[in-house]
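>>> Pasting a predicted model and its sequence here:
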Amino acid sequence: GILEACEDLRSIQEAKREWIDLKVLVHRHFRHLQSQVLWQRLLQGAIGRPEQFPHMQMIVETLLVFPMSTSCCERGFSCMKRIKSDWRGSLSNQMLNSLLRISLHGPEVEDYNAEQAVEKWWQSGQRTRRPMFSD
């Protein structure tokens, strides 16, 4: 949207004017905010008058979806390579997705309490796991 809208000189001049107005407004009233909070408030329309910065909102929306680096993607591919080895090549997409999420975003091994997980698994299900088992 912003790239198409700025094809004519008038839109480019409006975008430049918005940028200068936004810089002045942020410098006067919002310097104390972290950048993520500042951009979030701009997108919500909490900075300036409603619809005062349409070009800047579009630019911020565009910039916030660009990754700063490819390291997160590379970590994901490395993790998938560890999980989906030749021995585990028949994993379903759902299971692979679950294992990737656990590996990338799960708790650290030292922080993981296996007893709680086993207890939850033991208590879940439609029937008891080992009916002859007694504590």
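Looks like it came in fine. Residues are numbered from 1 along each chain as shown.
>>> And the helices in this structure?
With DSSP state H, the ranges of helices along the chain come out as 2-5, 9-29, 35-44, 54-64, 71-83, 93-105, 114-123.
>>> List the residues that contact residue 67.
Residues touching residue 67, when contacts are defined by Cβ atoms under 8 Å, 6 or more residues apart in numbering, comprise residue 73. C-betas here are computed from N, CA, C, even on glycine.
>>> Make 40 the starting number, not 1.
I'll keep to 40 as the first residue from here, and by that count the last item is residue 106.
>>> coming back round to it: deepest-packed of the helices of the chain, please.
helix 93-103 (a mean of 16; mean count of other Cβ atoms under 10 Å).
>>> Now do that helix, average pLDDT.
For helix 93-103, mean pLDDT is 84.
>>> Now for residue 128, how many residues are close by?
Using other Cβ atoms under 10 Å, residue 128 has 7 other residues around it.
>>> Look up how far residue 162 lies from it.
The gap separating residue 128 from residue 162 is 33 Å, by Cβ to Cβ, to the nearest Å.
>>> got it, and residue 143?
Counting by Cβ to Cβ, the separation of residue 143 from residue 162 is 28 Å.
>>> what do you get for residue 146?
Shown here: residue 146 relative to residue 162, a distance of 21 Å by Cβ to Cβ.
>>> do the same with residue 124
Distance of residue 124 to residue 162, computed by Cβ to Cβ: 32 Å.
>>> Can you tell me the centre-most residue of this protein?
residue 104 (9.0 Å; Cα atoms, centre = their mean).
>>> Kindly provide the distance from that one to residue 98.
For residue 104, the distance to residue 98 under the criterion Cβ to Cβ works out to 12 Å.
>>> cool, residue 145 as well?
Distance from residue 145 to residue 98, counting by Cβ to Cβ: 36 Å.
>>> For the residue lying closest to residue 92 once chain neighbours are set aside, list the residues it contacts.
The spatially closest residue to residue 92, leaving aside those adjacent along the chain, is residue 57, at 5.0 Å (Cβ to Cβ, 6 or more residues apart in numbering). Neighbour list for residue 57: 91-95 [criterion: Cβ under 8 Å, 6+ apart].
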